[in-house]
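> No letters, just coordinates:
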């Protein structure tokens, strides 16, 4: 068996070139994350995302190479901003952590992520986050902390039905939807900031999801309540008849209009029996009846405070985050 690599052998973390990603990384990660897409569509979706204004400036593949120059381990990097207790922080999201099958069992992913976090800390990032689909202890050894990550189910009959004038979401509503999102984010202890270019990237992913074979039995339903040209509240999600559920992606309302959200959900559900999804963050969580709440075994949100500022904020607010009645992020924040 080959000896485990020493840190100084593999800590040359680099941004991977497009040709490396296309020829070495994607043919392997396709096997894990294609979600019933063809390889051509999987690669095209990634290229389209990377070509957005957000992707060009804030998204990349990071990795390490062996002595021959071949990629052995890699991950996606998403530059974001977050607010935590009123402070604006530099955040970095980590996705698709991957080691080539022939190189597994040598600790390469741990070395790569350790180098990644060291570099982010040195370059001024405050907070790293990811969604773990493996046992969280792997990431805990690198300094990540698991936050509550839950799913919920609420019966349609338990939702209050109002008389709001519900309408399908239109392109002209996006600015109003952003204001609703920002109103909710401003009331959270920890939240991710959505810039205009990030909103464009989110909408692209929604369009890609609509075209995915994995969603052939689901119907996207996005609704708003308007007063004149002002969007007072919105919901986004998927009607999934096979689950007898409307699966919520996210929702939001302007301050003082949270009572519109149950009516919007009722309209989105239609003749289905329940609304389900990730447990929403506050204040939107408070608009839902209690329902059934279960711990998620995958896509577990984990954070790593990197800077002194973030470490201080963690010491001050850890108890509230670890015992919160609502989750911290929306499913649309998943990377």
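Arrived safely. Because the structure is a prediction, the values reported are computed rather than measured.

> which strands and helices sit next to the helix or strand harbouring residue 64?
For residue 64, the enclosing helix or strand under DSSP states H and E is strand 59-65. If contacts are counted by 3 or more CB pairs under 8 Å, 6 or more residues apart in numbering; DSSP states H and E, strand 59-65 sits against strand 14-15, strand 71-84, helix 108-122. Placement of C-beta: from N, CA and C, glycine included.

> Tell me which strands that strand pairs with, and in which orientation.
Here strand 59-65 is paired, per DSSP bridges, with strand 14-15 (antiparallel), strand 71-84 (antiparallel).

> out of the helices and strands packed on strand 59-65, deepest packed?
Neighbour counts (mean count of other CB atoms under 10 Å) averaged over each of the helices and strands packed on strand 59-65 peak at strand 71-84, with a mean of 21.

> got the angle between that one and helix 108-122?
Relative orientation of strand 71-84 versus helix 108-122 (axes from the mean of the first three to the mean of the last three CA atoms, to 10 degrees): 40 degrees.

> Mind checking what helix or strand follows strand 71-84 in sequence?
Note on strand 71-84: by DSSP H and E, the next helix or strand toward the C-terminus is strand 87-99.

> Packing partners of that following strand?
Using 3+ CB pairs under 8 Å, 6+ apart, the elements in contact with strand 87-99 are helix 26-33, strand 71-84, helix 108-122, strand 127-132, helix 308-322.

> residues of it that come out buried?
The neighbour-count check on strand 87-99 (16 or more other CB atoms under 10 Å) flags 89-95, 97-99 as buried.

> Could you export the strands paired with strand 59-65 as JSON lines, including distance to residue 125 and mean pLDDT?
Rendered in JSON lines, the data for the strands paired with strand 59-65 read as follows (distance: least, CB to CB, whole Å; pLDDT from 0 to 100):
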{"stretch": "strand 14-15", "distance to residue 125": "15", "mean pLDDT": "96"}
{"stretch": "strand 71-84", "distance to residue 125": "8", "mean pLDDT": "98"}
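
> Now residue 314: closest residue in space, sequence neighbours ignored.
Leaving aside its chain neighbours, residue 314 sits nearest to residue 305 (4.5 Å; criterion: CB to CB, 6 or more residues apart in numbering).

> If you tally nearby residues, what's the number for the one you found?
By other CB atoms under 10 Å, 22 other residues sit near residue 305.

> So in terms of bridging, what pairs with it?
residue 127.

> Can you name the residues that contact it?
When contacts are counted by CB atoms under 8 Å, 6 or more residues apart in numbering, residue 305 touches 126-127, 311, 313-314.

> so residue 155 touches residue 274, yeah?
Yes. Residue 155 lies in contact with residue 274 (CB atoms under 8 Å); the separation is 5.4 Å.

> which of those two has more neighbours?
Between residue 155 and residue 274, counted using other CB under 10 Å, residue 274 has the larger neighbour count: 20 against 13.
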